[in-house]
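# Structure here, sequence nowhere to be found:
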């Protein structure tokens with residue numbers, strides 16, 4: 001069990017999905033902040049070991065570690081300046097992808113600021129960037145075709161593994177967009 005898994009609530013979520021999301025979180029945390037959005041395919045580790053044994057060996061995976069786990073496979077980078085929310089509806093995942101995950105960094109404001117946020121998206125972005133109580137947060141959200149969701153959050157102001165918060169319903173708008181990308185048919 002990693003330090004991440006000791007510090008977050010796994011409730012009734014799919015443990016393989018939670019583990020994969022927390023693995024991604026640990027990986028991206030090691031690279032620091034101010035990174036573009038990232039997208040990951042989640043594949044069944046046992047199937048990966050069976051279908052791609054050489055790749056699995058390079059990744060340190062074997063049949064004993066494969067049962068009931070998911071392996072995150074990073075996709076091509078989301079282009080700078082392009083919102084992940086605009087990219088997700090254009091994605092079609094092959095059937096052997098059992099889930100997907102995304103990493104985004106966002107500014108969050110306290111609830112009492114909601115009524116002051118301008119309706120214009122550009123003005124809202126400027127408002128958030130200049131708000132004295134803004135917080136930078138990294139969101140790692142994952143979903144499976146079976147309907148499981150899990151999200152991990154890390155605030156830049158509390159940038160340590162012990163402060164990562166996790167749960168199934170933390171950012172429902174993002175998990176819904178991810179789920180729709182899994183439903184698309186090519």
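Yep, that arrived. All of these numbers come straight from a predicted model, not from anything done at the bench.
# Please list the outside residues in contact with the helix or strand where residue 25 lies.
Element membership for residue 25, per DSSP states H and E: helix 15-29. The contact list for helix 15-29 (Cβ atoms under 8 Å, 6 or more residues apart in numbering) reads 2, 4-5, 8, 10, 35, 38, 40, 42, 68-72, 99, 101, 103, 138, 140-144, 148-152, 154, 159, 161, 164, 166. Where you see a C-beta, it was placed from the backbone N, CA and C, and this is true even at glycine.
# Check which residues of that helix are buried.
16-26, 28-29 (16 or more other Cβ atoms under 10 Å).
# low-scoring stretches of this structure, by residue?
The chain contains residues with pLDDT under 70 at 1-12, 55-56, 59-67, 184-186.
# I'd like to know which of the contacts of helix 15-29 are buried.
For the contacts of helix 15-29, buried by 16+ other Cβ under 10 Å: 4-5, 8, 10, 38, 40, 42, 69-72, 99, 101, 103, 138, 140-144, 148-152, 154, 161, 164, 166.
# Would you check the distance separating stretch 68-75 from the middle of the chain?
12 Å (Cα atoms, centre = their mean, to the nearest Å).
# same question but for stretch 161-170, I mixed them up
With Cα atoms, centre = their mean, you get 11 Å for stretch 161-170.
# Go through the longest strand anywhere in the chain and flag the buried ones.
Among the segments of the chain that qualify as a strand by DSSP state E, the longest is strand 97-108. Residues 97, 98, 99, 100, 101, 102, 103, 104, 105, 108 are the ones in strand 97-108 that count as buried (16+ other Cβ under 10 Å).
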